[in-house]
Structure formats: structure tokens, C-alpha cells
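> Structure for the following, please:
(2 chains)
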Number of protein chains: 2
Amino acid sequence: MKNSEYDILITGGLLLTMSGDREDIMENPLIGIRNGSIALIEKLKADADHSYSAKEILDASGSLIMPGLINTHTHLPMVCFRGMADDLPLMDWLQNHIWPAEAKYVNRDMVYAGSMLAMAEMILSGTTTFCDAYFYESSVARAAVASGMRGIVSQGFIDLPNPNDPGKITEVAERFIDRWLGKYPLIIPALACHAPYTCSPDTLSCIKNVARKADVPYNIHVSETRDEVSIMRERYGKSPVAHLRDINVLDRRTIAVHCNWLEEDEMAILRDHDVKISHNPESSLKLAAGIAPIPTLLKKGVTVGLGTDGTASNNDLDLFGEMDTAAKIHKVADMDPTVMDAWTVLKMATIEGARVLGLEDRIGSIEVGKCADMIILDINKPHWVPLFSISSQLVYAASGADVTTSIIGGKVVMRDRRLLTMDLTTVIQEIKKIAENIRKCRVSS
Amino acid sequence: MKNSEYDILITGGLLLTMSGDREDIMENPLIGIRNGSIALIEKLKADADHSYSAKEILDASGSLIMPGLINTHTHLPMVCFRGMADDLPLMDWLQNHIWPAEAKYVNRDMVYAGSMLAMAEMILSGTTTFCDAYFYESSVARAAVASGMRGIVSQGFIDLPNPNDPGKITEVAERFIDRWLGKYPLIIPALACHAPYTCSPDTLSCIKNVARKADVPYNIHVSETRDEVSIMRERYGKSPVAHLRDINVLDRRTIAVHCNWLEEDEMAILRDHDVKISHNPESSLKLAAGIAPIPTLLKKGVTVGLGTDGTASNNDLDLFGEMDTAAKIHKVADMDPTVMDAWTVLKMATIEGARVLGLEDRIGSIEVGKCADMIILDINKPHWVPLFSISSQLVYAASGADVTTSIIGGKVVMRDRRLLTMDLTTVIQEIKKIAENIRKCRVSS
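Prediction:
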């Protein structure tokens, strides 16, 4: 045997690179991974006369190889509240269920345990990168290090129940960034402010200042519900987006989440400031929050990625389901079956998602020099037959359960649907304990 | 060993019967199946001191047992066109892709092969009963016999490209019913007219007469698009539903599919005639056809079941995804997160679906005396944790891939995700051949 030139070689199957303008399929590829990066993509020779070798060879014949999916908005620890309170009016849900539960149960350990379960679910359904925003975010980061996922971990701020002291939160934010920036190859720290209606202008801008100095993403929920737009107009006499522009928090590293009730001039502001959008259709449907004007935003040239939001309002982290919903909901909203075609949506879940996170030079497509974040799907299943269009199949028929293997940063984190970076039984047990405690308290209260 | 009292005993796990008014869970059940029916449901004793035995024992510990799902509207052979033409304007899709493909490729063999693949997909995603409408429907029936699925097979009629002769189609319809009625325990023949705008009043009523005489379902697409409502009003000076009432085809065995553009008085007519509704939300989103007023219909007391429609407009047959969409889409359409709660939607996919098909005394819930149609789900997966509400989990987080075992009419048709009634490789190969032929013709044309 020759010396190992590659850490991993993937052979055979179909390769969807997501690097071109249209569905670009290579049959029978040979992909070499070295030091976490993609070092080789070529056609597999029929006679297998390659002068390459590797520590690990993955046979992908009969399978589809594609970039790992990118979830641009999550609240991972909220898996602990999955299914706890559904089908309720939004304010009842928040004020009587979610916020009290968060006040009572959210702590470092819960955040770590919940994140581990969420990462198990994400890996098992083909997601390789997430952008999370929550509290105790260092615990999310620790879970990402343990699970082997690529994560943007955003420490969250909200002026509820009490307003924050700007000096204090600036310090907290700076400390968080310092702790994680450049420490682990897969972890990028970031910051999040809950929303313009729940954070003071001071909080919004001092957190943005820290994010800007470190050049990291700044996440914020914008115009999720019609009510909060009214609140903003009443409080500040302007739209949420105009308000955010006027306090100088909009730029290319700001990620505006939801954006269901944008007006024409707000879309122009977002585009002019190169603000990125995270589209979370399932959560906004389930909460009856609204439908974001994504086809219009795309036409204006705004960059849009896909997100699941937290599982309390979804209730899963499967981006395949999210793609399906994203492709369908706008067709009926616009009464036009040609909007949001499968290819557009597939890009939102891969290369455009990467762009939203500022990582398009590293992830989102399979190209030599990029990080080795990819998934392998078993397409030898009834719902994958026939195969006229890979994009259509991925968006309208595939499910997260089709993913058999996941590689993140050149490391195999799942093989044949077995997680290699964690003991799933233990992870599930931890959450069952937390849920048992929540259940007891809810029954007795 | 004692004499076998039961054919199958299922032990342990959680049992969701769908027989009561609310989520009714039995922990650690013992379910006995004999001669295709459910003969015993009791609590499993801790010391396992039961005086029962069986030919086959299924250990369901750590799993969820529930009624098999019911798909009230399919065009199964259309799996052959899955992904062939997506994201197109409706009339372009129909006139330039689907109808020409049907004219060219639909024949007895294609219908059989497509139905087998579709049944594989349905069994693998938890569906045990379907109601299909297409051409060469005897081939669908033969596939159902082979796959072991329970099926309502509806021979379809349409006055396109040419009007039908009433005497001739009456004879065809009667012959079809005769051939299948009472011949196989799992097969019920039925009839279908495509739609009020594509069938003449004569065709609509003579087919209904045959269905009525045999007391079998009569399926018809109603008010799928806004355009067809205009056509009807122009042609007959009344709404589609008023037209159908006036030619006397509405009764308790009529299944009106889609119903996206019903007006208030049409809903009253449907209720007064006890017409059943098949709701196919994903197809109607994907085609930008519309959103049916299901919450209003339910409030009026109309019976509604769930369907996927054909895979050319979905593009899968997974009722779990369909439940998710059904629960979410109406919340935002009505701007009310309390409509279509998970329990309501779960009933639509089980007991209400059975009612739509006139089979509520046989299937749709797990009760002694009913047919043994049930599925077992592996709930030891991240997206099933925690488990505050089974309905929420099934509707908002589960996927068809969670189903491990399927029993139809007392026969195990899938165990540990392996299909026991067909050779999947052969079934897939058949469709690949058909698709290759379609692809070649499309490229060359």
C-alpha cells in the first residue's frame, strides 16, 4: 500500500457540487479530503487506476454526495420545550409557556444537554453548520466542539424582564467573543439581540459595536409579527428596519431573521446595507406570524438563507422539510407556481446560507480548497425514483432520514446513520430527565 | 408451547388508539390479532403471566403503535412522472408535460409498475390504506393485492380529449365494479370523474349512478383552481358545487377533492349532502392552486380526510409531511395559530380519513373488532425527544422514516423497514426503465 495521500477518499455515486449556476452533476466522482479541506475532485476512472490512497475510503456508489446543509437560525437548547405547548395564540405561548419555562429551566447544563440532542438531530438530518442564538451560548459552543459540528454561536441579549446596562453587556459580549474567537476551527462566536421591540436602542447598538469590531455576525429577529411592527411605529414613529438603520446596526454582517412584514422601502434599506436574511417559513406558519416576501427580496438581490428557528415553534430541525415548505408556501402566497423553484431553495439551504453567515469562501459548495463539509444520501429508495431532477427530488421528496453519512471539517461525524461523536443514548437520557422535571412542575403548578 | 390463540401478538411500547376524543395512550399494551382483525387489547402484565400465545410476537417496547395512516387521494401511477416537470405554470404543466406524457406512456404495465413503487413508498412511510383514482385501475388493484395494501381503487373517467358515450362508460364502470367488488378482502372498487369542468353532466351522473347502485365511493376534483370556478360559472351559470348538486351526484359516498375555492353556500350544500372532503394541501400549494377553507368546513361538521394527490404535484406520498403542512398552512391563512391543532390533523390522517372512505367501522383506529391495520414507529430518536405530546410529535416532528413495521389486514407487510411483500430492487428497476424511456423521448422531442 502506498503512503496515505488523503485523509478520506470518497468514490462513486453522484456529486452535486452547488458551485455553478445550475444543477451541476458529476457521475462517479473521486473526492479527496486532506487536513479538513477538499483537496481533489476528479472523475473516478473506470479501471480504478488512481495513484491516490487514503486512511479512509468511503464508497458512495448508488448515493448522492452534496454540500452539508446550513441552518441560519436556531435556538438549539429549546429542544427541551419541543411539543410542550403547541397550537396556542402567540402571546399566550410566549408569556405563559415559553418565557416562564425559560426563566425556570434554562441554565448552563440544560443548554449543553439540549444542544447535544439538537446537534444529534441536525447531523442525522444532513445539517453540518448552524447559526444559533440563545443564552449561556458558551455551552452551545462546548456542545458543538464535542459533536464536531460547525457552529456560529451567538450570545443573546434582551431587555426583558429588565433593561440591560450598556457598559455591562458590552463587557459580557466582548468577553464571549474573546473566549471563542479563533480558538476552535469550527466555532465562530457571534452576537444576537432579540428584536427591535424587546431591546433598547442602546442595547441594540452597543452589541452591534462589539460584533462590528470583531467582524462577526449580529443576529436579530425583525418584523416577525404584525403586532411588533405596530409597537415599533407607535414607539419610534418609523418601521423596524428604518429604526435599525437609524441607530446604525445594519450592515453586511447583520442577519435579519423572519422579516415577515417588510414594506417596500424596508426591503430597499436591507438591500442597500447588504443585510442578510434568515427565512424560517415553518416557524412563521406554525405561530401564524406571517409569510416573508422572499421572492421579492430575491428579485431585489438580497441574500437569503434558510433556518428552522427553535423546535418549540417548528417542531424539528430537518432542513429538508424546511426546503419543501419554503418552495411551496410562496407559490400559493404569490399565486404563482414558478416562484421559489427547487434550485433556488436548494441554494438557500447551501451556498446562499453560507453567504448569509459570511462563510461562502469556506462552505456551501463542494470545491477544491473549501472545507470538507458534505453529506452522502442513500437515493436507492422508492421516493427517489425516478430521478429526473436532483433539485426537485431534494426539495420536494427527500427527507433528512435519507442522509447516511456526514463529514464536517474533514471529519466523519456520522456513518451509516450512526453518530460517531456522541453516545446518543446518554444524550437522550439527559433530556428525558430535564423533561420529566418540567412535566412534574407543570402538572403541579 | 400452547396452541396458537393469535396470529400476532404485539407487546409493549405505547399504544395510541385514536378511538377516543383526546389523545388516549396505553402504556405497555398487549394486542392480539386473529384472522385479520384486532381480537385483544389489554395492559401487558408486569410478570408476563399471560395465557396467550401466537404464531408471531412483535416486541414494540420503546416504540409507538398507532393506526396505519389513510391517504384519501392519490394518482399512484404518476410516480413515473415525479420530478419530470416542476415549478411551472399550472396549464403549461398539464398541457405541455403531464397530459402528453400520460397520452404517451400510460398503459397497463406502466400503471402496475408505478403502483408497486408507490405502494412501497406508502408502506415505508406508514400508510396502510389509499384511495386511488386513475386509468387502467385494475392494474392498481392487482398491485394492491400483490403489495398487501388496503386500497380503494377508482376507475377514472374524463371527457378529454373526446367526450364519452354515456352508455359505453356505464358499461365500462359496471364491468370494473363487478370485477373487483367483494373479490379480495382489502380491495374496494370505486369510480372517479376527473372534475365538473372536464366531464359533461351526462358523464358525471351516469358514473355516479353506477357508484350509487354498488354503494361505492365516487371521487371528483372540485374547485381546485380559481380558473375552473370561472369556467363553471360561465358554462353553467352556477358554482361547481351547485352544478354537482343539480345533476344529483352529491351524497354521503361522494368524495370532493381539493375544494380550494368554495363559497359559503357551497360549503352548506356539501354538509347538507354529507359529502366527504379530501384535503391535499401540499399539491395545492405546489401548483399555486389555493388553500381550502378546511377550518370552516370542520366547524360546519363536514368530514375531512387527508391526501397527498399524485407525486407529480407533491412530490412524495409521505402523510407525515402532509400532516405537518396541513397543520401549519391554515394557521397562517387564518392568522390564527389555534386552528388545525395537531390532534385534529392526526384524526384527519386516521379515523376521519376512514370516515371519508366509508370505512370507519373497519379502520382508522385500534379497537377490538376492527381490521388489524397498524404501524409501529421507532420513537427512540432525537426528534422524538422529549415527548410532551404524541399528537404534536407525530404531526410536527415525525417523519415517515420513523415507521419500522406495518401490519395491514393482520399481515405484516414491513418489518424493521424491510418490505415483505415485494422485491424492492425489481420494483425500482422497472421504474428506472420507464423513466429512461421518458427521458429519451423528452430529449429527442
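> Quick one: the helices in the stretch 51-200 of chain A, in order.
A:90-92, A:99-105, A:108-124, A:137-147, A:166-180 (DSSP state H, counting those that start in this stretch).
> Enumerate every residue touching A:Pro201.
A:Pro201 is in contact with A:243, A:247, counting by CB atoms under 8 Å, 6 or more residues apart in numbering or on different chains. (Each C-beta comes from the backbone N, C-alpha and C, glycine too.)
> worst-scoring helix or strand of chain A, pLDDT-wise?
For chain A, scoring each helix and strand by mean pLDDT, DSSP states H and E identifies helix A:90-92 as the least confident one, at a mean of 85.
> What about contact with chain B: does it have any residue there?
Yes - under the criterion of CB under 8 Å from any CB of the partner chain, helix A:90-92 makes contact with chain B via A:Leu90.
> likewise stretch A:9-26?
No - applying CB under 8 Å from any CB, one finds stretch A:9-26 separated from chain B by no less than 11.5 Å.
> For that stretch, buried residues please.
Neighbour-count burial for stretch A:9-26 flags A:9-19, A:23, A:26 (criterion: 16 or more other CB atoms under 10 Å in any protein chain shown).
> Among those, which lie within strands?
The strands, defined by DSSP state E, take in A:9-11, A:14-16, A:26 from the buried residues of stretch A:9-26.
> Let me know the closest of these to B:Ile33.
Closest approach between these and B:Ile33, by CB to CB: A:Leu14, at 42.5 Å.
> Chain neighbours aside, what residue packs nearest to the closest one?
Distance criterion CB to CB, 6 or more residues apart in numbering or on different chains; nearest residue to A:Leu14, sequence neighbours excluded, is A:Leu64 at 5.0 Å.
> How much space separates A:Trp261 from B:Ala268?
From A:Trp261 across to B:Ala268, the span is 35 Å (CB to CB, to the nearest Å).
> Settle it for me: which of these two has more neighbours?
A:Trp261 (22 against 14; other CB atoms under 10 Å in any protein chain shown).
> The more buried one is in what secondary structure piece?
For A:Trp261, there is no helix or strand it lies in under DSSP states H and E.
> What are the neighbouring residues in contact with it?
A:223-226, A:229, A:290.
> Make CSV from these and add pLDDT to it.
Formatted as CSV, the contacts of A:Trp261 follow (pLDDT from 0 to 100):
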residue, pLDDT
A:Ser223, 98
A:Glu224, 96
A:Thr225, 95
A:Arg226, 96
A:Val229, 97
A:Gly290, 97
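> out of the residues you listed, which are buried?
Judged by 16+ other CB under 10 Å, buried ones among those: A:223-225, A:229, A:290.
> Can you tell me which of those residues is nearest chain B?
A:Gly290 (6.6 Å; CB to the nearest CB).
> What residues sit buried inside the host helix or strand of A:Gly321?
A:Gly321 belongs to helix A:319-333 when elements are defined using DSSP H and E. Going by neighbour count (16+ other CB under 10 Å), the buried part of helix A:319-333 is A:319-333.
> Equivalent analysis for stretch A:59-67, please.
By 16+ other CB under 10 Å, the buried positions in stretch A:59-67 come out as A:60, A:63-67.
> just for the stretch 51-200 of chain A, where's the confidence low?
Scanning the stretch 51-200 of chain A for pLDDT under 70 picks out no residues.
> Please verify my assumption that A:Asp402 contacts A:Ile376.
No - counting by CB atoms under 8 Å, A:Asp402 does not reach A:Ile376; the two are 9.6 Å apart.
> Point out the most buried one among the helices of the stretch 51-200 of chain A.
Greatest average neighbour count among the helices of the stretch 51-200 of chain A goes to helix A:108-124 (a mean of 26), per mean count of other CB atoms under 10 Å in any protein chain shown.
> Do it and chain B come into contact?
Yes - applying CB under 8 Å from any CB, one finds helix A:108-124 touching chain B at A:117-118, A:120-121, A:124.
> would CSV of these with distance to A:Pro89 be doable?
As requested, the residues of helix A:108-124 next to chain B are exported to CSV (distance: CB to CB, whole Å):
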residue, distance to A:Pro89
A:Leu117, 28
A:Ala118, 26
A:Ala120, 32
A:Glu121, 27
A:Leu124, 32
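> closest to A:Gly167 among those?
Out of the residues of helix A:108-124 next to chain B, the member with the shortest distance to A:Gly167 (by CB to CB) is A:Ala118, at 32.9 Å.
> ok, for the closest one, nearest residue in space, not its chain neighbours?
For A:Ala118, ignoring the flanking residues on the chain, the nearest one in space by CB to CB, 6+ apart is A:Leu76 at 3.8 Å.
> so the one you found touches A:Glu121, yeah?
No - judged on CB under 8 Å, A:Leu76 makes no contact with A:Glu121 at a distance of 9.2 Å.
> Secondary structure element holding the nearest residue to A:Arg245 once chain neighbours are set aside?
Excluding the flanking residues, the one nearest A:Arg245 by CB to CB, 6+ apart is A:Ile269, at 5.3 Å. Taking DSSP H and E as the criterion, A:Ile269 maps to helix A:264-272.
> For the helix or strand following that helix, name the packing helices and strands.
Later in the chain than helix A:264-272, the nearest helix or strand by DSSP H and E is strand A:276-279. Strand A:276-279 makes packing contacts with strand A:69-74, strand A:254-258, helix A:294-299, strand A:304-306, helix A:351-356 when contacts are defined by 3 or more CB pairs under 8 Å, 6 or more residues apart in numbering or on different chains; DSSP states H and E.
> For B:Ala211, state which of the contacts of A:Trp261 is nearest.
Using CB to CB, A:Gly290 is the member of those that lies nearest B:Ala211, at 43.0 Å.
> Doesn't that closest one belong to a strand?
No - counting by DSSP: H, G, I helix; E, B strand; the rest coil, A:Gly290 falls outside a strand, being coil.
> Wait, it touches B:Val332, no?
Yes - at 6.6 Å, A:Gly290 and B:Val332 qualify as touching, with contact defined as CB under 8 Å.
> Common neighbours of these two, please.
When contacts are counted by CB under 8 Å, 6+ apart, A:Gly290 and B:Val332 are jointly contacted by A:Ser284.
> from the stretch 101-250 of chain A, which residue is nearest to chain B?
Scanning the stretch 101-250 of chain A for the residue nearest chain B gives A:Glu121, at 3.8 Å (criterion: CB to the nearest CB).
> looking at it, that residue is touching B:His383, isn't it?
Yes - with contact defined as CB under 8 Å, A:Glu121 reaches B:His383; the gap is 5.1 Å.
> Stretch A:140-149 close to chain B?
No - using CB under 8 Å from any CB, we find that stretch A:140-149 stays clear of chain B, coming within 11.4 Å at best.
> Show me how far that stretch is from its chain's centre.
Centre-to-centre, stretch A:140-149 and its host chain are 14 Å apart (CA atoms, centre = their mean, to the nearest Å).
> Provide the contact partners of it at residue level.
A:76-77, A:111-112, A:115-116, A:119-120, A:122-123, A:127-130, A:132, A:134, A:150-151, A:153, A:180, A:184, A:186-187, A:189, A:408-409, A:411, A:413, A:420-422.
> swap the cut-off to 7 Å and go again
A:76-77, A:111-112, A:115-116, A:119, A:122-123, A:128, A:130, A:132, A:134, A:151, A:153, A:180, A:184, A:186-187, A:408, A:411, A:413, A:421-422 (CB atoms under 7 Å, 6 or more residues apart in numbering or on different chains).
> Pull out the CA atoms of it and give them to me as PDB.
C-alpha atoms of stretch A:140-149 as PDB (Å, rounded to 0.1, in the frame of the first residue of the first chain):
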ATOM      1  CA  VAL A 140     -23.700  25.600  22.900                       C
ATOM      2  CA  ALA A 141     -20.200  26.200  21.700                       C
ATOM      3  CA  ARG A 142     -18.900  23.400  24.000                       C
ATOM      4  CA  ALA A 143     -21.600  21.100  22.600                       C
ATOM      5  CA  ALA A 144     -20.500  22.000  19.000                       C
ATOM      6  CA  VAL A 145     -16.900  21.200  19.900                       C
ATOM      7  CA  ALA A 146     -18.000  17.800  21.300                       C
ATOM      8  CA  SER A 147     -20.400  16.900  18.400                       C
ATOM      9  CA  GLY A 148     -18.000  18.000  15.700                       C
ATOM     10  CA  MET A 149     -20.500  20.500  14.100                       C
END
